[in-house]
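Novice: Build me a model from this:
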Amino acid sequence: MTAGEKNFWGEPNDRPSKVEGSCITRTLNASGVGAAAGTFFAACQLAWYPDPVQTAGRFVGKAGFSDRKAIMRAIARPAFWMSAAGAAFAAAECSAEAARGKQDSFNASIGGMAGGFVMGAISKKPGVAVSSGLAMGLFMFALDMTGPSTVWEGNQEVLTNKMYGNLPKTHVESEALSNLKEKYPKFQNL
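Specialist: The predicted model follows:
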C-alpha cells in the first residue's frame, strides 16, 4: 500500500502510483499479471466458440466433448505469451532504469520495445517482431510521457486541485439563489 491511499484498492480519487521495488519483484509481478490476463483471454476465447476443443488425431477422446489436454494447451499458450511479454517489459524497463540511472519515459520505451518484440515473436516473422517492438516502444513512451492523467497539462497540480480539491469550509450562496429563497420561502431550507 502506498502512502495516501485509504484502502488496498484505493479511493476513486487516488491517482495511480509509481511502481517501485527490485527488478526481480517487478518482473515476477508483471509475469504473474500477464499470466492472469492470458488465462482470462484464453477462457473468454474458449467460451466464445461453442465447438468442443479436441486434440488432433485418430481415436482421441469422445466425439462432441472437449478434451482436457486440448483445453489446457489452449489456455497455456496465451498465458505464456502474455506472461513473457509482461516479464520482458518489466525486466527491460528496470534494467534500463538501473543502467541509465534515471526514471523517465525512455525507460518505458525500451521496455515497450522488448515487450512488443515478444508479442511480435508469436508470428515467427522477424519483420513483424521488429515493427511491433518499435510500435509498442513508441506507444509506451507516449503513455509514460503523459502520466496517469488522460490529458497532459503543463500545470498538473492545478488540474488535480480542480478535479479533487476540497470545497470551502462555509458555503456562500449566490445572489440569485438567495433571491429565489426569499421569493419561495417554502423551499428555504433546501
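
Novice: Would you mark the buried spots in the helix ranked longest in the chain?
Specialist: Taking DSSP state H as the criterion, the chain has its longest helix at helix 68-100. Going by neighbour count (16 or more other CB atoms under 10 Å), the buried part of helix 68-100 is 70-71, 74-75, 78-79, 81-97. To be clear about C-beta, it is placed using only N, CA and C from the backbone, and glycine gets the same treatment.

Novice: Could I get the CA-only coordinates of the very next helix or strand once past that helix as CSV?
Specialist: Per DSSP states H and E, the first helix or strand lying C-terminal to helix 68-100 is helix 105-120. Taking Å, rounded to 0.1, in the frame of the first residue of the first chain, the C-alpha atoms of helix 105-120 are listed here in CSV:
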residue,chain,number,x,y,z
SER,A,105,9.9,7.9,-20.4
PHE,A,106,12.8,6.4,-22.3
ASN,A,107,12.9,3.5,-19.9
ALA,A,108,9.3,2.8,-20.7
SER,A,109,10.1,3.0,-24.4
ILE,A,110,12.9,0.4,-24.0
GLY,A,111,10.6,-1.9,-22.0
GLY,A,112,7.9,-1.4,-24.6
MET,A,113,10.3,-2.4,-27.4
ALA,A,114,11.2,-5.6,-25.5
GLY,A,115,7.5,-6.4,-24.8
GLY,A,116,6.4,-5.6,-28.3
PHE,A,117,9.2,-7.8,-29.7
VAL,A,118,8.0,-10.7,-27.6
MET,A,119,4.4,-10.1,-28.8
GLY,A,120,5.5,-9.9,-32.4
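
Novice: now helix 105-120 against helix 68-100, angle please.
Specialist: 150 degrees (axes from the mean of the first three to the mean of the last three CA atoms, to 10 degrees).

Novice: ok, and what's touching helix 105-120?
Specialist: 81, 84-86, 88-94, 96-97, 100, 128-141, 143-145 (CB atoms under 8 Å, 6 or more residues apart in numbering).

Novice: give me the low-pLDDT residue ranges for this protein?
Specialist: The model of the chain has pLDDT under 70 over residues 1-18, 54-66, 148-153, 167-169.

Novice: Next up, the contacts around the residue nearest in space to the middle of it.
Specialist: Computing the C-alpha centroid of the chain and ranking residues by CA atoms, centre = their mean puts residue 33 first, at 9.7 Å. Contact analysis of residue 33 by CB under 8 Å, 6+ apart lists residue 86.
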